[in-house]
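1. Below are the sequence and a predicted model for it; my questions follow.
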Amino acid sequence: MNEQTKETNTGQTKETNTGGNTRTPTLQGPHTTTLPPPDTTPRAPHTTHQSAPRMIDLRLLTPATATWATTWWATTHPAPHPLIAACALAAAITATSYAWSHRHTRPPRHALTPPRSLRLAAALILAATACALAVASAAGRAYRDDPARMDSGPIHARVRLERDPAPASSGFSAKRRARVRILSVRVGERWLASDATALVSAPGWEDAARGDVYEISGSLDASFAAAAPSVGSIRVRTSILAERPGGLDVWRRDTHRAFARACEHLARDARGLVPGMAIGDDRLVPSDLSDAMKATSLTHLTAVSGSHIVIILAALTLILPARVPLRVGATLVVLGTIVVLVGPEASVVRSVCVASVAALGLILGREGQAVAALGAVVIGTLLIDPWASRSYGFALSALAALAVVGPAAAIARSTKRRIRGDTRIGRVLRRLTEMVCVPALAEFATAPLVVSLSGSVPVWGIAANVAAEPAVPVATLAGLTGALLAPISPGVAEFCARVASWATGWIAASARFFEGMPGSGTQVPGGARTILSLYACAGCGFALWYVWRRWVASLSDEAWDPRVDP
């Protein structure tokens, strides 16, 4: 076979004979180059990352916002029934009109983007608003007429613990505190059903756990911790265990206690951080470390949230073989185990529901839409518990998740397109961008709420999250493994807890280091209004820049013709 040279060339193509039976084209120009013969070998079809644009489904974002705003308002201002009926009727009419006008049309089964319809969007928003009005108004009326709402004074009630009791913050009191659900209140000789909550401080609850039902007697303070749906705080004088749940609650209680014994010999910080990052039990986190983590935006690490779920599912994917039914089944089992072990906290439920939607998409063979899944989870959560619309924890969790699955994911995809991944520098830049943009955008999204709660902004929060990120997978996986094995093998559980403590030591050191940096805990004049004003100015500037680039600059370029330019 004759050798062929490859050089940079321009010009026209002509046919030349290379000495064989195949005639190959050559390029005529400053340099004459013989091109290789065409390859007639059949090749397998392949796709590239740029074969089709990525569609991001934002259709549920507006209904979720409408549901949140409606439930927030209707829980304290119950809507009249005619208004709810009017919203439901308007939704039905709009949906019927859309269905009637499209009764003979068939949308494509595999369209890249769904068909757009203003009427369908309006019907969805009206339906979500009607459901939110109905549910939130019923919850508001029930709270207003709840028999547990009374003036400060003696109270006799049956309560169910919603969390494991935590020791007093002072350390010198024998009482333990817990958030409880009031099941019934004794008024005279009758027991009246209740559904309110309260903050209870009681002695002798060292053995109490989530789900236990106690009959308590004490005094109610209706002026402290009385934001709806809570009726205040109760100081208990006497308490009697009335009921202890069985089944999975027994396994969860035994697992928590066995893992607490496995962590007894760890350092002071690790005794609180290891159970907190593994199973969400942050009752023993020292107060100084808790303040440092609040000042550096690291408190999300002790609440099992989306980042923990992602780490656990990534490890599960590496362990299991690449079989869709096996991975989906194992994913559902793991997610259910986490809910039972940690408890139905807002962040846990949100993360598990979004991951379940992704697993369902894997079963159906469809690519998941994280933003749409988050919107569906927010709508479902608010319709089940309308009081979550007034929870700072739920708001922080939802806004941080939206920032991660929305703009942070978009930046990560843009980075992969613009930076090569086949070089060491490219891989480092990609990883560094992901490490910075996720905590940065989550910080920006939650800054107004954080400032409204504390009055200060965590200046070093992004740096602290970037520094602590390498230790989070080790602490999460080692701690969760030790917790699951604690009832079976205490020795292995202690070893896993020791490994997790090395990672939590780095996290605690990062929190304390950045807390002591200059500017930490800077007060914001004007509070959340100042932050929102800055965001509004930045949004207006971005909109003006986009309009200029999209229309004004393009029209200017079209108007300028270089052939007639003097």
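-> Here it is on my side, so go on.
2. for the helix or strand hosting residue 329, packing partners?
-> Assigned by DSSP states H and E, residue 329 falls within helix 324-342. The contact analysis (3 or more Cβ pairs under 8 Å, 6 or more residues apart in numbering; DSSP states H and E) places helix 324-342 against helix 248-262, helix 306-319, helix 346-364, helix 472-485. Where you see a C-beta, it was placed from the backbone N, CA and C, and this is true even at glycine.
3. can you tell me which residues contact the nearest residue to residue 283 once chain neighbours are set aside?
-> Spatial nearest neighbour of residue 283, excluding adjacent residues (Cβ to Cβ, 6 or more residues apart in numbering): residue 166 at 4.0 Å. The neighbours of residue 166, taking Cβ atoms under 8 Å, 6 or more residues apart in numbering as the test, are 176, 177, 178, 283.
4. Between helix 306-319 and the longest helix along the chain, find me the angle.
-> Looking across the chain with DSSP state H, the single longest helix is helix 424-454. Put simply, helix 424-454 runs at 150 degrees to helix 306-319, going by axes from the mean of the first three to the mean of the last three Cα atoms, to 10 degrees.
5. and the helix or strand just after helix 424-454, how far from the chain's centre?
-> Later in the chain than helix 424-454, the nearest helix or strand by DSSP H and E is strand 456-457. With Cα atoms, centre = their mean, to the nearest Å as the basis, strand 456-457 stands 22 Å off its chain's centre.
6. Direction included, what does strand 456-457 pair against?
-> Here strand 456-457 is paired, per DSSP bridges, with strand 522-523 (antiparallel).
7. Now do the partner strand: everything it contacts.
-> Outside of strand 522-523, the residues within contact range by Cβ under 8 Å, 6+ apart are 455, 456, 457, 459.
8. Pull out the buried residues from the residues you listed.
-> Buried members of the contacts of strand 522-523, counted by 16 or more other Cβ atoms under 10 Å: 456, 457, 459.
9. distance of the first one from residue 251?
-> Spatial separation of residue 456 from residue 251 under the definition Cβ to Cβ, to the nearest Å is 42 Å.
10. and residue 123, what is it in contact with?
-> With contact set as Cβ under 8 Å, 6+ apart, residue 123 has these partners: 91, 94, 95, 98.
11. Can you give me the buried ones in the helix or strand hosting it?
-> Using DSSP H and E, the element containing residue 123 is helix 118-144. By 16+ other Cβ under 10 Å, the buried positions in helix 118-144 come out as 119-120, 122-137, 139-140, 143.
12. I'd like the next helix or strand past that helix.
-> Next in sequence after helix 118-144, counting helices and strands by DSSP H and E, comes strand 153-161.
13. Sheet-wise, list the partners of that next one with their directions.
-> Partners of strand 153-161, by DSSP bridges, with direction: strand 175-187 (antiparallel), strand 213-221 (antiparallel).
14. who wins for proximity to residue 532 among these?
-> strand 175-187 (30.2 Å; Cβ to Cβ).
15. Quickly run through the sheet partners of the helix or strand that that closest one is followed by, with directions.
-> Downstream of strand 175-187, the next assigned helix or strand under DSSP H and E is strand 190-193. Paired strands of strand 190-193, with direction, are strand 175-187 (antiparallel) (DSSP bridges).
16. what residues does the strand it pairs with touch?
-> Contacts to strand 175-187, defined as Cβ under 8 Å, 6+ apart, come from residues 147-148, 155-168, 191-203, 205-206, 208, 213, 231.
17. same deal with stretch 308-327?
-> Stretch 308-327 has contacts (Cβ under 8 Å, 6+ apart) with 277, 330-331, 334-335, 338, 351-352, 355, 362-363, 472-473, 476-477, 480.
18. ok, which pair from these is furthest apart?
-> Of all pairs drawn from those, the greatest distance, 30.1 Å, lies between 277 and 363 (Cβ to Cβ).
19. and residue 383, how many residues sit next to it?
-> A total of 17 residues lie near residue 383 under the criterion other Cβ atoms under 10 Å.
20. And the average pLDDT for stretch 304-323 is what?
-> Averaging pLDDT along stretch 304-323 yields 80.
21. Please compute how far it lies from its chain's middle.
-> The chain centroid and the centroid of stretch 304-323 are separated by 15 Å, computed with Cα atoms, centre = their mean.
22. What residues sit buried inside it?
-> 304, 305, 306, 307, 308, 309, 311, 312, 313, 315.
23. can you pull the contacts of the closest residue in space to the third one that isn't next to it in sequence?
-> Spelled out, that is residue 306. On the basis of Cβ to Cβ, 6+ apart, the spatially nearest residue to residue 306 that is not a chain neighbour turns out to be residue 351, at 4.4 Å. By Cβ under 8 Å, 6+ apart, residue 351 lies in contact with 304, 305, 306, 308, 309, 401.
24. Reformat the residues you listed into CSV and put distance to residue 512 next to each item.
-> Supplementary listing: the contacts of residue 351 in CSV, determined by distance: Cβ to Cβ, whole Å:
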residue, distance to residue 512
304, 23
305, 22
306, 25
308, 22
309, 27
401, 27
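25. between those, which is nearest residue 243?
-> Nearest to residue 243, judged by Cβ to Cβ, of the contacts of residue 351 is residue 304 at 26.8 Å.
26. Can you tell me the element the closest one falls in?
-> Applying DSSP H and E, one finds residue 304 in no helix or strand.
27. Might one say that it is in contact with residue 347?
-> Yes - counting by Cβ atoms under 8 Å, residue 304 does reach residue 347; the two are 6.8 Å apart.
28. Give me the common contacts of these two.
-> Joint contacts of residue 304 and residue 347 (Cβ under 8 Å, 6+ apart) do not exist.
29. so where's the chain uncertain?
-> Low-confidence segments of the chain, defined by pLDDT under 70: 1-55, 105-116, 169-173, 322, 358-368, 552-566.
30. so which of the contacts of residue 166 is the most crowded?
-> Among the contacts of residue 166, residue 178 has the most neighbours (other Cβ under 10 Å), with 23 neighbours.
31. Next up, phi/psi of the residue nearest to it when sequence neighbours are not counted, please.
-> Among residues not flanking residue 178 along the chain, residue 165 sits closest, at 4.1 Å (Cβ to Cβ, 6+ apart). In terms of degrees, to the nearest 10, the main-chain angles of residue 165 are phi -60, psi 140.
32. what does residue 297 give?
-> According to degrees, to the nearest 10, residue 297 has phi 60, psi 40.
33. what's near enough to touch it?
-> 439, 443, 450, 458, 461, 462, 464, 465.
34. out of those residues, who's nearest residue 80?
-> Set against residue 80, the nearest of the contacts of residue 297 by Cβ to Cβ is residue 450 (36.5 Å).
35. Quick check: that closest one touching residue 457?
-> Yes - taking Cβ under 8 Å as the definition, residue 450 is a contact partner of residue 457 at 7.0 Å.
36. residues of the longest helix of the chain that come out buried?
-> Neighbour-count burial for helix 424-454 [16+ other Cβ under 10 Å]: 429-430, 433-451.
37. Please apply the same query to stretch 208-227.
-> Applying 16+ other Cβ under 10 Å to stretch 208-227 flags 208-216, 218, 220-222, 226 as buried.
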